[in-house]
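S.K.: Requesting a structural model of the entry that follows:
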Amino acid sequence: MNKLEQILKEKFPNKEIVKLEDLTYKIAGISKVRYGDNCRDNDYDEISLNYINEYGTIYVPDNSKDSALANHTALENQSLAEGDLIILHRGKIGKMGIIGDSYKRRIVGNNSMIRIQFDKNRKVDTPWFVMQYLQLPYVREYIDTYIPSSGSISRKILNPEVLSNLPIPIFNECDGKYKELLFTRKELYLQASRFNEKLQDAMSIYKDLQDSSVDVVTNNIENMFLDNEKDVLALEELYKIENQFTKVLSKYRKN
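M.R.: Numbers count the residues shown, from 1 in each chain. Predicted coordinates for the structure are as follows:
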């Protein structure tokens, strides 16, 4: 039993540990579509893992350039489908994203990517579960250990076999409930991040106000006290929100 399997047994004692290939239809590198003499089709977009939205879905930017002519047969075979999980294979396991359901044209990847396909009955929750699993620190550490290398991190190449044999707890589809849970928690994280940015901005502003108190009180004392009263009322409302927020967070804090 390897280190990852030991971790999984401890974390998921009541779950069978299987291989990633048991949850998928096919794991393979993406092939080129532009080769040979039969390159007459450019009705497609080539995705980039530089374009992934906040939730993990790959998108095609509005200013995407026209694609080069491709082999029609290869294009048909390599077109990506909703729910496919795409991973860069060069270097440590890193960027990955899921193919969504709203593209103007057919989409393809390139030969620097690995495509994980799922059975029809595993296209709702399983891709999102697998993507989250692959990003867990102890899973990333395990995969990085087994990626073949010619001497440097930049030359590490993740191959489909490593992913196929990756230990993973068995997962059962749950009618989109897992995806909904994941998206809700992602939105909570994003909202907290936005709030933190505004809070940092507020701290900077109030620090400047504090430093300028001497100047203000000597120049316009009447308006200063009026503004100060409004700020105190606003802070009181903020305290109420803080108390409510603290109660919510207490549910998730580790003992």
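S.K.: Now for the most centrally placed residue in the chain: which residues touch it?
M.R.: Compute the mean C-alpha point of the chain, and by CA atoms, centre = their mean the closest residue is Gly56, 3.8 Å away. By CB atoms under 8 Å, 6 or more residues apart in numbering, the residues touching Gly56 are 96-98, 128, 131. C-beta here means a position set from N, CA and C on the backbone, and glycine is covered the same way.
S.K.: tell me the helices in the stretch 1-150 of the chain, going along the chain?
M.R.: With DSSP state H, counting those that start in this stretch as the criterion, the stretch 1-150 of the chain has helices at 3-11, 72-78, 126-134, 137-146.
S.K.: What residues of the third one count as buried?
M.R.: By neighbour count on 16 or more other CB atoms under 10 Å, the buried set for helix 126-134 is 126-131, 133-134.
S.K.: for the shortest one, same thing?
M.R.: Of the residues in helix 72-78, those buried by neighbour count under the rule 16+ other CB under 10 Å are 74-75, 78.
S.K.: Please produce CSV containing those residues, extended by pLDDT.
M.R.: CSV is the format used below for the buried residues of helix 72-78 (pLDDT from 0 to 100):
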residue, pLDDT
Ala74, 84
Leu75, 84
Gln78, 88
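S.K.: Correct me if wrong, but Leu209 is in a helix.
M.R.: Yes - applying DSSP: H, G, I helix; E, B strand; the rest coil, one finds Leu209 inside a helix.
S.K.: confidence score at it?
M.R.: Among the per-residue scores, Leu209 holds a pLDDT of 73.
S.K.: can you tell me which of the helices of the stretch 1-150 of the chain the model trusts least?
M.R.: Looking at the helices of the stretch 1-150 of the chain, the weakest mean confidence is helix 72-78, a mean of 84.
S.K.: will you turn the helices of the stretch 1-150 of the chain into CSV that also has distance to Ser64?
M.R.: Shown next, in CSV, are the helices of the stretch 1-150 of the chain (distance: least, CB to CB, whole Å):
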stretch, distance to Ser64
helix 3-11, 38
helix 72-78, 16
helix 126-134, 23
helix 137-146, 30
